[in-house]
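In: for reference, the sequence and a predicted model appear below.
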Amino acid sequence: MPAHPGSPAAPPLLTRRLDRAGMWSGVVSRGKTLRLTDLEGGANVGLLLYNADLPVERYNMPDTLKGQHTFHLRHPLCLHSDMGRVLASITADSLGWHDTACGCSDAALVAEKNGIRTYQAARNDFHRNGRECFLIELAKWGLGRRDLVPNANFFSKVVADEAGRLSFVPGHSRPGSLVELRLEMDSLVVLNTCQHPLDPGPYRSAPVLLEVFASRPPGPDDPCRLSRPENTRAFINTENYTLLRGHRLSHD
Amino acid sequence: MTESTLDPAGAAYRKVVEAGDHWTHMIRRGQVLRIVDLEGNQSADTLFYDAHDPSERYSASDTIRHQAALYLTTGTRLMSTDGNALLTIIADTCGRHDTLGGACSRESNTTRYAADRESMHACRESFICAAHEARPELGKRDLTCNINFFMNVPVTPDGRLTFEDGVSGPGRYVEMRAERDVICLISNCPQLNNPCNAYNPTPIEVVIWD
């Protein structure tokens, strides 16, 4: 179910409008919330998370899916690392369905679907692709191809039939749709607004507003913590890591 | 379902890999790798790397995206992170294989089941040993989302995902042709907490033909 619980009231610490194949990366500490807003509808945000201390711990699509018995991301589910911990919780969500199975586009796919459009010919409206954008942002933090793993695709819905055949659902995200991710670990966030790889529409990168807020830490009755027993245990693992690392659990 | 005409008597290499063990081997371009589920319902967790540049490796999401379908079977090209086919599945008597479920780890077992399952052997330990055995430069950073041959992870149209008892059976196999020289890592899954191995992990056989 869509939900908008406790959207932060304080002004954002950071506001950034992402246009064209917008790319962004940054370290966001535990207890802050990243809000993504689809400004015009039809956006896609490819996103990866890494433990900011040791990026060999990173978002893990299979552990996220099987640990929550789901094929898609939604509130109040969580983004799991490969170490049994929660990197981020989905604390608000207009849509209730975000893909994480299909990865990102690459240069060959964009050229096959849309032809070639170079910088020389089109200046900053040239064609870009998700894989290249991920690798450019990862490189700024000393990371590379070994660190590129299956990503989340916020605002995009892909459904499977009984035989496993996939269909992209057009028109899923409307103008103003938003999703909020509360960081449960200090995380390197790497994202771009390249089109979903299975979006059959013409080349487009819909604009997205990125905001970061200070937020309240999850209490014992937090809906993401309680959404599944697996998540309750993953929160305990995360809090044990946080305690040993020297953080207080509360930001109050 | 597609049967093979290859005869194991003429194989260049045969090896039984017991449950909980790891295996690594080079598969040269044009060679054929068969994995046999000897006793049925056993998950063979598998990863592939380009032998000449292991930073190019199997990609679950690129494989899914290229075929716009979740399950792997005859005709599926196992795609790399650079968009190249590493291998192509050419025979399959099981019918479908998973690449969404990943591998078990001691850490994810504490999340999925209980804190006291941490001491149980898990695929990631086997993958780390296999990676170290294959190449000194390979390690945990290189372990990406794998294939689970013979494992049944149905996804429903309303977006649920479950682990169910296998679609496989004794003697069923999957066979793939290498499109380039690849390193193969297998963890023969030791998971006892869910039906991916029918709660009874058993041996597999790997067979390679020139």
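Out: That came in fine, so what should we check first? Since we're looking at a predicted model, the values are computed, not measured.
In: how near is B:Glu179 to B:Leu78?
Out: Distance, B:Glu179 to B:Leu78, using C-beta to C-beta, to the nearest Å: 9 Å. Heads up, the C-betas are built off the backbone N, CA and C, glycines and all.
In: cool, and A:Glu57?
Out: Taking C-beta to C-beta, one finds A:Glu57 at 26 Å from B:Leu78.
In: what touches both of B:Glu179 and B:Leu78?
Out: By the contact definition C-beta atoms under 8 Å, 6 or more residues apart in numbering or on different chains, B:Glu179 and B:Leu78 are jointly contacted by B:Ala85, B:Leu86, B:Leu87, B:Thr88.
In: quick one: secondary structure of the third one?
Out: What that stands for is B:Leu87. Classification of B:Leu87 using DSSP: H, G, I helix; E, B strand; the rest coil returns strand.
In: just the buried members of the shared contacts of B:Glu179 and B:Leu78?
Out: Buried by 16 or more other C-beta atoms under 10 Å in any protein chain shown: B:Ala85, B:Leu86, B:Leu87, out of those.
In: between the residues you listed, which is nearest A:Val212?
Out: B:Leu86 (38.9 Å; C-beta to C-beta).
In: what's the pLDDT at residue 198?
Out: You didn't pick a chain, so chain A it is. pLDDT, A:Leu198: 98.
In: not what I meant, chain B
Out: In this model, B:Ala198 is scored at 84, pLDDT.
In: can you pull the contacts of B:Leu72?
Out: So B:Leu72 contacts B:Thr63, B:Leu78, B:Ile89, B:Arg96, B:His97, B:Asp98, B:Thr99, B:Ile147, B:Phe149 (C-beta under 8 Å, 6+ apart).
In: mind picking the two most distant members of these?
Out: Distances among those were taken as C-beta to C-beta; the most separated pair is B:Leu78 and B:Arg96, at 14.2 Å.
In: around chain B, which positions in the stretch 1-150 of chain A sit nearby?
Out: A:56, A:60-63, A:65-67, A:69-72, A:80, A:82-85, A:97, A:101-104, A:106, A:108-109, A:144-150 (C-beta under 8 Å from any C-beta of the partner chain).
In: the stretch 151-252 of chain A too?
Out: Counting by C-beta under 8 Å from any C-beta, the stretch 151-252 of chain A sits next to chain B at A:151, A:159-166, A:197-198, A:230, A:233-234, A:236-237.
In: of those - the most surrounded one?
Out: A:Ala234 (32 neighbours; other C-beta atoms under 10 Å in any protein chain shown).
In: Provide the secondary structure category for that residue.
Out: Put simply, A:Ala234 is helix when judged by three-state DSSP.
In: quick one, what contacts it?
Out: A:Gly67, A:Cys78, A:His80, A:Gly84, A:Arg85, A:Val86, B:Thr111.
In: count of neighbours near the fifth one?
Out: Right, the one you point to is A:Arg85. For A:Arg85, the neighbour count with other C-beta under 10 Å is 26.
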